[in-house]
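> I would like to see how this sequence folds:
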Amino acid sequence: MDRSMPNGETQSALTQLRAWLANRGPRADPRLPPERELAATLGVSRGTLRKALDELEAEGLIWRQVGRGTFVGDRPVEPRLDLSDVMRRANPAGVMEARLLLEPELARLAALHVTAADLEELVLCLRESRAAPDWRSYEYWDNRLHRVIAQATGNGVLLALLDSLNTIRRAITWGRLRRGPQRPAADHHSFAEHEAIVGAIADRDPEAAAAAMRRHLLSVRRNLLDRQAGLVEAPARPLHPLPSAEPLAGG
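Okay, here's the model as predicted:
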């Protein structure tokens, strides 16, 4: 459908809005302030702001959802499957098995298709995860790193699969399995493991990237299930590395 050009007032608000977004920096909250607050910041009416936001949404620079707000970036892929039953039956061991099947291949493809922008964001994730003041912040940057790797494949279907897996993972109360300090230690295993993954992707070495991701996930699985063993009943059957996996001690 044809869209008319924005009028002068809307165009001025659009210019201000683009400048405001450009000055926010890469670590800014992707969710924008409420319309009333943003309109006051830009010195425009809410009606004019809405028209400017309409323009940015049409360009794919932002997305909006009733009840949630307005966000910078691409609209996330929403799982089309009904995952509610899977979530009820899911457990950490099953999620880790699924991650071991999927994520090494994502790393392999990322090494073949990664862009300079992808690498810049991966390096940001590495830096911010090391600087994280608490576990919640660390886990945000950890999750973002794994999702950027999936994005770097350029395959929307695989990204949707990872998003569905993460939806299931978030439904499990992982926090109850964590004990110890309030933030990751300086020698936390994931730091070096993430750096190895990103390094292999930056080198465009698909086999090394897949192997580094597999080692990382085996290390995560070992630590997770060691914690779980002291808090909940052990799985009904033992977990074994996949045939091509590194030994658990190698993570």
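> output the below-cut-off pLDDT ranges for the chain.
1-7, 77-82, 173-180, 226-251 (pLDDT under 70).
> how about the strands in it?
Along the chain, counting by DSSP state E, strands occupy 62-65, 69-72.
> got CSV for those strands, with distance to Glu37 too?
The C-beta positions use only the backbone N, C-alpha and C, and glycine is treated the same way. Putting the strands of the chain into CSV (distance: least, Cβ to Cβ, whole Å) gives the following:
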stretch, distance to Glu37
strand 62-65, 15
strand 69-72, 11
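> could you pull up phi and psi at Pro26?
Pro26 has phi and psi values of phi -70, psi -20 when expressed as degrees, to the nearest 10.
> which non-adjacent residue is nearest it?
Of all residues not flanking Pro26 in the chain, Leu124 sits nearest, at 5.9 Å (Cβ to Cβ, 6 or more residues apart in numbering).
> touching, the one you found and Gly25? I think so.
No: between Leu124 and Gly25 there is no contact under Cβ atoms under 8 Å: 10.5 Å.
> now mean neighbour count and distance to Lys51 too, for the strands of the chain, in CSV please.
Conversion of the strands of the chain to CSV gives the following (neighbours: other Cβ atoms under 10 Å; distance: least, Cβ to Cβ, whole Å):
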stretch, mean neighbour count, distance to Lys51
strand 62-65, 16, 13
strand 69-72, 16, 14
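> report the contact partners of the closest residue in space to Leu159 that isn't next to it in sequence.
Distances taken as Cβ to Cβ, 6+ apart place Ala150 nearest to Leu159, at 4.7 Å, with adjacent residues excluded. The contact partners of Ala150, taken as Cβ atoms under 8 Å, 6 or more residues apart in numbering, are Leu106, Ala110, Leu158, Leu159, Leu162.
> and the gap between Ala150 and Arg99?
11 Å (Cβ to Cβ, to the nearest Å).
> ditto for Gln11
For Gln11, the distance to Arg99 equals 47 Å [Cβ to Cβ].
> looking at the two, which is more packed in?
Arg99 (22 against 15; other Cβ atoms under 10 Å).
> all helices for the stretch 51-200 of the chain, in order.
With DSSP state H, counting those that start in this stretch, the ranges of helices along the stretch 51-200 of the chain come out as 84-89, 92-113, 116-131, 135-152, 156-170, 189-202.
> and of those, who's closest to Glu55?
For the helices of the stretch 51-200 of the chain, proximity to Glu55 was assessed by Cβ to Cβ; helix 116-131 is nearest, at 23.1 Å.
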